[in-house]
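[1] I'd like to go over a predicted model; first the sequence, then the structure.
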Amino acid sequence: MSSDKVKVRLLFADSGTFYQMDLDVPGDSLEGYDRLIDGLQEDANLLKDTYLDMDRLCAAWREGG
């Protein structure tokens, strides 16, 4: 099991305003999901120490390679 972290950028919408947030998540936790946003919603290990407002989350993508 790899402990490499992957930088993930999240895009939120709040009353017509958009803002971004970057997270470092375990890369091996992202495997097995076709869409990154599914992993964020379903895998508790990805967001163990982070609260995300899933109602305002619009998009999520990997940054870099």
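    Looks like it arrived, so ask away.

[2] what comes up buried for the helix or strand of the chain with the lowest mean pLDDT?
    Ranked by mean pLDDT, DSSP states H and E, the weakest helix or strand in the chain is helix 36-42, scoring a mean of 85. Buried positions in helix 36-42, judged by neighbour count with 16 or more other Cβ atoms under 10 Å: 36, 37, 39, 40. Just so you know, the C-beta spots here come from the backbone N, C-alpha and C atoms, and that holds for glycine as well.

[3] for residue 59, state which of the residues you listed is nearest.
    Closest to residue 59 out of these is residue 37 (7.4 Å), distances taken as Cβ to Cβ.

[4] for that closest one, which non-adjacent residue is spatially closest?
    residue 60 (4.8 Å; Cβ to Cβ, 6 or more residues apart in numbering).

[5] next one: residue 32
    Residue 32 sits nearest to residue 39 (Cβ to Cβ, 6+ apart), 7.8 Å away.

[6] which ones are touching the one you found?
    29, 30, 32, 33, 46 (Cβ atoms under 8 Å, 6 or more residues apart in numbering).

[7] now it: how far from residue 18?
    22 Å (Cβ to Cβ, to the nearest Å).

[8] output stretch 56-64 as PDB, nothing but the C-alphas.
    Output of stretch 56-64 as PDB, limited to C-alpha atoms (Å, rounded to 0.1, in the frame of the first residue of the first chain):
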ATOM      1  CA  ARG A  56     -21.800  23.000  -2.700                       C
ATOM      2  CA  LEU A  57     -19.200  20.800  -4.300                       C
ATOM      3  CA  CYS A  58     -19.300  21.200  -8.100                       C
ATOM      4  CA  ALA A  59     -16.200  19.500  -9.300                       C
ATOM      5  CA  ALA A  60     -13.000  17.700  -8.200                       C
ATOM      6  CA  TRP A  61      -9.900  16.900 -10.200                       C
ATOM      7  CA  ARG A  62      -6.300  15.800  -9.700                       C
ATOM      8  CA  GLU A  63      -3.600  18.500  -9.900                       C
ATOM      9  CA  GLY A  64      -0.400  17.800 -11.700                       C
END
